[in-house]
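> Just to be clear, the model below is a prediction. Sequence and coordinates:
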Amino acid sequence: MKPKRHGFRILDVHFGTFDYTIHVIVGPAANLERYVRWKLDWPDFKAGNLDVALGRLFHRRHYVPVLWIPRKPRTPREYGTLAHEFLH
């Protein structure tokens, strides 16, 4: 993983077969809107209610998607959430 930025651990996942990359960020939701605004060049971005979210995918046309999870998966439910978000 790359060093922290905006309080997140960052991992770029490249899907070689599809020639596609996704940014995976792991960390608390506190700076999520700020990070997505910066990464996707989206000044008016609003993340919505993240209080109950186990993960979320953010995408904007012509930008690499950002997948957020609050922490490294530890339970089957958290791994399922990560898989679900990747499938978007």
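On my side now, so go ahead.
> Surely L32 is within a strand?
No - counting by DSSP: H, G, I helix; E, B strand; the rest coil, one finds L32 to be helix, located in no strand.
> how about the nearest residue to it, chain neighbours excluded?
Nearest residue to L32 in three dimensions, chain neighbours excluded: A47, at 5.3 Å (C-beta to C-beta, 6 or more residues apart in numbering). To be clear about C-beta, it is placed using only N, CA and C from the backbone, and glycine gets the same treatment.
> Contacts only, for the one you found.
29, 32-33, 36, 56, 58 (C-beta atoms under 8 Å, 6 or more residues apart in numbering).
> do the same with L67
22-25, 55-58, 82, 85-86.
> The same query, at a cut-off of 6 Å, please.
Counting by C-beta atoms under 6 Å, 6 or more residues apart in numbering, L67 touches 22, 24, 57, 85.
> Same check on L40?
Contacts of L40 by C-beta under 6 Å, 6+ apart are 60, 63.
> what's the spacing between it and V64?
Look at L40 and V64: by C-beta to C-beta, to the nearest Å, they are 8 Å apart.
> returning to that earlier point: just the contacts of A47 now: which is nearest F18?
F58 (19.0 Å; C-beta to C-beta).
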